[in-house]
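**Q** here is a sequence together with a model predicted from it:
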There are 2 protein chains.
Amino acid sequence: MHPEIDTPALLVDLDVVRANVTEMAKTAAAAGVRLRPHIKTHKIPELARLQLEAGATGITCAKLGEAEVMADAGIDDILLAFPVWGRPKLRRLAALRERARVRVSLDSPEVAAGLGRLGGPPVDVLVEVDTGQHRLGRPPGRPTADLVAEIAAVPGVEVVGLLTLAGHAYHARTPGELAETARREGADLVETAELCARDGIVLREISVGSTPTARHVAGVAGVTEIRPGTYIFNDTAMMRLGVATEETTAARILTTVVGRPTPERVVCDAGTKCLTSDGYGTPGWIRAAGLPYLHMNFLNEEHGVARLEPEHVGELPVGSRMQLIPSHACSVVNLFDTVYGVEDGEVITELHVAARGAVR
Amino acid sequence: MHPEIDTPALLVDLDVVRANVTEMAKTAAAAGVRLRPHIKTHKIPELARLQLEAGATGITCAKLGEAEVMADAGIDDILLAFPVWGRPKLRRLAALRERARVRVSLDSPEVAAGLGRLGGPPVDVLVEVDTGQHRLGRPPGRPTADLVAEIAAVPGVEVVGLLTLAGHAYHARTPGELAETARREGADLVETAELCARDGIVLREISVGSTPTARHVAGVAGVTEIRPGTYIFNDTAMMRLGVATEETTAARILTTVVGRPTPERVVCDAGTKCLTSDGYGTPGWIRAAGLPYLHMNFLNEEHGVARLEPEHVGELPVGSRMQLIPSHACSVVNLFDTVYGVEDGEVITELHVAARGAVR
C-alpha cells in the first residue's frame, strides 16, 4: 500500500474530494443558496480553488492567518468567522481588506467598535447568534435583535447579516434530531432577521450550516448562505451522524504495524500526533479502512493500539500497512505540513498545508 | 499581560523550566541513576542542551525526525524509544549512527532483523516490556526473557537492556497507587533481567520511568536510567497526579477574551488548535492560572468556552488576557512553530520548536 511513501503520512483521495465538492455545490445550487465553505478542514489554497471552481462564491476562515494565506493565493472573498480584536490583528485586517472583500463575524459592540476604527469603507459584519451551541452570541429573537441594533449604531461597521453554527448538531442521536436541529438553525435566524427588519434594520445575509446540517438547512426559506467545512474530507464523526460513509472519507492516515505483542494486539505508528484526541474513545472514533474487524483500543502520541476480532488474530504482521480514518479531519490536517494527494489509487502529488498552525 | 505579543501564543517560563530541570537531575543523582529525558515534551534543541548541562547523560526521542533535529544541534547520545521499521527509516538510522551513539527500543525479532542488516557495529537495542500499559512488549518474567533470547540471537543487534513505560501510572487514583505502580515498573524489569542473566544474557541497562513515576522508580535497586519528559513543563495531568503544582507548570497558552455573551460565559481565542483534546472534559483539564473561579466548559478548534463562578460574573471583559495551563504539554508544543520564553515575567526570547511535526 503506497510503498513509495514512508509512514505515518496523511493521504487525501482527490477523486473523493472532487465528488464531495461537487455534491455539496449541487446541494447549494438546488436550494438556491450560496456556498461559502470553511477552509479550516483542508488549509490548502489549491483545494479552496477547487471549491470555488465548483461553484462556491467565497470562503470562510476562522483566523486572519488562514485568510492571509488564502488571499496570497488570489482568493478575494473571505468571511472571517471569528471576532477580530486588538491592534496587531486590526492592522492585519486593514491590509487584508486592500486585497480581498472581507466580512467579519462578532457578538459584541466592543469588537464592533475596534472594527469601526479601521478607517476606509465600513466593515461588513455578521452578528453571531447562539442557536443552541452556547458558544458566542445571544439567543435568537429579541436578545439578538437588540444586539444587532446596538452594533448597527457603532460608527464604521455595517451589519449585513446573521451567522450561526449549530455545533450542538454534532451530538444529534438520530437523523430526525439532526434534521430538526438544522431546521431550527435556519428558522431561528430567519425569524430574528424579520424582527430586525421590523426594528428598521434590513439584513441581507443569513449564514448558517455545518457539514451535518448543511443539506437540511439549505432548504429553509430565507437562508442565503451555507458554510460547511468537513464535507470535503469527511471523517468518522460524519459517518456516525449519517452524512458520510467510508467511501466518502477522503483523508486517511497511512500507518505501519510496528509491533504485534500478542496475537490480537496490533500496534501501529500513528497516535495522537497524527490523529489527535478529538472524539477519543467514542466507539468507532478511529476506523481502519476495509478492516472492520480491527478496533482501536487507545492512542498514545506515537502509538495506535488496536485489537483484532478473534477470527482474525494473527493477521496484520509487523510491517503491514493500513489506512486509518480520523475522528476529526480538520484537526488532523493541522498536524501535517504536507498531504499526499491520491488519484486512481496512486500518490500523484504533494500538497503544502499552507495555513497549518495559523492560530492567530 | 505581555502586550508585546499577540494571542493565542505559547509561553514558556524559563525560570520554572530551570528549576524543574535541576530538581529532576538532583533526583536522579541522589538515586544514583542516569537521567535520559524524553525531548518530546519540548522538541527544542536549546532546552535539550539545558537538560544535558544540568546532568542528563543523553536524551530520548520517539521518532527519527526528532533525533535528526537533535543531532543537528550536536547532541550525540540518543535513545530512539520506538521500533524502527522499513527501508527509508533504516537508511536514516544508518546516517544518524555516523554522528551519534544511538540505541533503539523494540519488541519483536522482525524489527531486530531489520536493524541487524544495517551493517557497521551491532545495533544496541533495548527490549520493551509491558509492565501494565498493554502497548508494546510482552509481560515481565519468562515471556520477556524468552523474547530477549530470541532477539539476542538475531545477527547484528546486541540486547543491552530492558525498557518500559508504565503509562498506566497516568490513571493512578491515589499517591499510594502511583508509588506502587512505579515500584513495580522497576522491580518487574530488574527481576526479568535476573532471569535473563540466568539464561546467560547479561543486561546492563534497566530503563524506566515517566514524570509521574520517575521519583519513585529511581530508587528501585537495579534501575540504571530514568526517562521522564513532561517534568520540564508539567501540565494539569501532572497536577492531578500530585507531581506538579500550578507554580511548577512552565507552559501556558496566553489567550484573549473575545466574547462575553452572558455574564457568566467567557469565550477566549484558544481552542483545541492550541490546547488539543487531550484529557478533554476531565475536571480541571484546562486551568486558568490565578483564576480558580474560571472553569472551562468546552473547547472548539478556535474557541475556549468557560464559565465564571457566581461571585465573579461580569469579570474578564472582552480584551482581557489570561494564561491557560494545558492538560498535556507535549501535544500542545507540537502545535506551535514558536514558543515565547519568559524570564522574570518578561518575554525575552523566541524559541523555534525545531522537532515539531516530526511524525516519521
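**A** Yes, it's here.
**Q** how about stretch A:297-309: buried residues?
**A** A:298, A:299, A:300, A:301, A:302, A:303, A:304, A:305, A:306, A:307, A:308 (16 or more other Cβ atoms under 10 Å in any protein chain shown). Any C-beta I mention is one placed from the backbone N, CA and C, and that applies to glycine too.
**Q** so how far is it from its chain's centroid?
**A** 26 Å (Cα atoms, centre = their mean, to the nearest Å).
**Q** show the end-to-end separation of it, please.
**A** 12 Å (Cα to Cα, to the nearest Å).
**Q** and the helices in chain A?
**A** If DSSP state H is used as the criterion, the helices of chain A fall at A:14-31, A:45-53, A:64-72, A:87-97, A:109-116, A:142-152, A:175-198, A:211-217, A:236-240, A:272-275, A:329-333.
**Q** any chance of TSV for these, columns distance to residue B:220?
**A** Below are these laid out as TSV (distance: least, Cβ to Cβ, whole Å):
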stretch	distance to residue B:220
helix A:14-31	52
helix A:45-53	53
helix A:64-72	48
helix A:87-97	52
helix A:109-116	56
helix A:142-152	61
helix A:175-198	54
helix A:211-217	52
helix A:236-240	42
helix A:272-275	29
helix A:329-333	39
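**Q** is it possible to get CSV of those helices that adds mean neighbour count, mean pLDDT and distance to residue B:312?
**A** Below are the helices of chain A laid out as CSV (neighbours: other Cβ atoms under 10 Å in any protein chain shown; pLDDT from 0 to 100; distance: least, Cβ to Cβ, whole Å):
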stretch, mean neighbour count, mean pLDDT, distance to residue B:312
helix A:14-31, 18, 98, 44
helix A:45-53, 20, 98, 42
helix A:64-72, 23, 98, 31
helix A:87-97, 16, 97, 27
helix A:109-116, 21, 98, 19
helix A:142-152, 19, 98, 22
helix A:175-198, 19, 96, 30
helix A:211-217, 27, 95, 35
helix A:236-240, 21, 97, 34
helix A:272-275, 26, 98, 34
helix A:329-333, 26, 98, 31
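**Q** to residue B:206, which of those lies closest?
**A** helix A:272-275 (27.4 Å; Cβ to Cβ).
**Q** before we move on, the earlier item: got a markdown table for the buried residues of stretch A:297-309, with distance to residue A:192 too?
**A** Formatted as a markdown table, those follow (distance: Cβ to Cβ, whole Å):
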| residue | distance to residue A:192 |
| --- | --- |
| A:298 | 44 |
| A:299 | 42 |
| A:300 | 46 |
| A:301 | 44 |
| A:302 | 48 |
| A:303 | 48 |
| A:304 | 45 |
| A:305 | 48 |
| A:306 | 47 |
| A:307 | 49 |
| A:308 | 52 |
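**Q** can I get the lengthiest strand in chain A as PDB, trimmed to CA atoms?
**A** Criterion DSSP state E: the longest strand present in chain A is strand A:251-259. What follows is strand A:251-259, C-alpha atoms only, in PDB (Å, rounded to 0.1, in the frame of the first residue of the first chain):
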ATOM      1  CA  ALA A 251      -8.400  11.900   4.400                       C
ATOM      2  CA  ARG A 252      -6.600   8.900   5.800                       C
ATOM      3  CA  ILE A 253      -3.600   8.300   7.900                       C
ATOM      4  CA  LEU A 254      -1.300   5.700   6.200                       C
ATOM      5  CA  THR A 255       0.300   3.700   9.000                       C
ATOM      6  CA  THR A 256       2.600   0.700   9.500                       C
ATOM      7  CA  VAL A 257       2.200  -2.000  12.100                       C
ATOM      8  CA  VAL A 258       5.400  -1.800  14.200                       C
ATOM      9  CA  GLY A 259       4.500  -4.400  17.000                       C
END
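**Q** perfect, I'm done here.
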